[in-house]
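1. Sharing a sequence plus its predicted fold:
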Amino acid sequence: MAILFCSDSDPPDAWREVLVAAFPRMPFRVWPDPGRPEDIRYALVWRQPHGLLARLPNLKAVLVLGAGVDSVLDDPQIPDGVPVLRLVEAGMAAPMAEYALLGVLAFQRGLHTYLDRQHAVEWKREPWSPAADWPVGVMGLGVIGAAVARRLAQSGYPVAGWVREDRRIEAVEVFAGRERLGAFLARSRVVVNVLPLTPATRGILDAQAFACMPRGSYVINIGRGAHVADEDLVAALDAGRLGGAMLDVFREEPLPQSHAFWRHPKIVVTPHAAAPTVLEAAATQIVDNIARLERGEPPLGLVDRQRGY
Ligand code: GLV
């Protein structure tokens, strides 16, 4: 019985060290050399090739090396009975909240305007408006979204959250369900997207959504690229409907060199860098989950495949 590691972005050596120390009797195999497929009991994956998991007859669990599982569930052949487990927070909430705060502060304080003025050697002040005048809306209030919302609320922004199912979070006004999305967007001067990507949320930030937001408002995307309708975003920025966007995630990553986002004057592009996977935290969770499964206990971070997160 062995562990298979398959990721197009995580370095296997550091993971090997942790997993071999925790489970010395389980060989650690790295894709594309899985050895005998029937040996593989646990698969640690990130953007695995489609069909790979279906070829492992004794697979007991799929452990995703990330919080968002869309790139793993994309594979239509994941065997039905095999649990898919995701990382829960794993050190990502604090850097995600920091990134959101960075973006909101930059918009509130006109940083992008001042950078343009510096390039033009222009000495000119913008009027200041306090954080209290900048209602921020956070889409998605899971562990990470809730941390983002709290951090912004602590910084003095009036914060609302949009969620599928109603919940309570201190100092955050919660809007639940599709029917409240328009009202949520209409009160948000900055929208921060932290949603999981599912069939229900794909393309949710489109022309219709931008039309609900106040004129000149801003978008920060730290969810997934496919939440945004790219052309609608560019059109809304060009028309002045939106004032700017800060984007960390893209439909295709790395963002193709020819993509309009790179050179758009109202868009800040960062390379999926809002929150790194913190190896220690992620590996501790994955080791704990394998140990639970080995003891016959329920694992943590079980993904509801129907729901998509
Ligand atoms: C990163 O994008 C993750 O889902 O962990």
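-> Ah, there it is. Residues are numbered from 1 along each chain as shown.
2. going forward, measure contacts between C-alpha atoms and count neighbours the same way
-> Will do.
3. Contact partners for Tyr218?
-> 107, 189-191, 242-245 (Cα atoms under 8 Å, 6 or more residues apart in numbering).
4. ok so it is a strand residue?
-> Yes: assessed by DSSP: H, G, I helix; E, B strand; the rest coil, Tyr218 belongs to a strand.
5. residues contacting the residue nearest the centre of the chain?
-> Computing the C-alpha centroid of the chain and ranking residues by Cα atoms, centre = their mean puts Gly223 first, at 3.4 Å. When the contact criterion is Cα under 8 Å, 6+ apart, the partners of Gly223 are 193-197, 249.
6. at 10 Å instead, please
-> Listed by Cα atoms under 10 Å, 6 or more residues apart in numbering, the contact partners of Gly223 are 68, 96, 139-140, 145, 192-197, 247-250, 272, 274.
7. so which of those are also by the ligand?
-> Gly68 (Cα under 6 Å from any ligand atom).
8. Which other helices and strands does the helix or strand harbouring Gly137 contact?
-> If you go by DSSP states H and E, Gly137 is part of strand 136-139. Applying 3 or more Cα pairs under 10 Å, 6 or more residues apart in numbering; DSSP states H and E, we find strand 136-139 packed against helix 143-154, strand 159-163, strand 172-176, helix 181-186, strand 190-193, strand 217-221.
9. which parts of this protein sit against the ligand?
-> Counting by Cα under 6 Å from any ligand atom, the chain sits next to the ligand at 66-68.
10. and which of these is nearest to Ala282?
-> Nearest to Ala282, judged by Cα to Cα, of the residues of the chain next to the ligand is Gly66 at 8.1 Å.
11. now the closest one, what's its secondary structure?
-> Look at Gly66: counting by three-state DSSP, its state is coil.
12. Tell me how many other residues crowd it.
-> Gly66 has 22 neighbouring residues, counting by other Cα atoms under 10 Å.
13. quick one: His272 from Leu19, how far?
-> Relative to Leu19, His272 is positioned 26 Å away (Cα to Cα, to the nearest Å).
14. could you dump the contacts of Tyr218 to a markdown table with pLDDT, distance to Pro83 and neighbour count?
-> Shown next, in a markdown table, are these (pLDDT from 0 to 100; distance: Cα to Cα, whole Å; neighbours: other Cα atoms under 10 Å):
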| residue | pLDDT | distance to Pro83 | neighbour count |
| --- | --- | --- | --- |
| Phe107 | 98 | 42 | 22 |
| Arg189 | 98 | 40 | 24 |
| Val190 | 99 | 37 | 29 |
| Val191 | 99 | 33 | 28 |
| Leu242 | 98 | 41 | 24 |
| Gly243 | 98 | 43 | 20 |
| Gly244 | 98 | 40 | 25 |
| Ala245 | 98 | 37 | 26 |
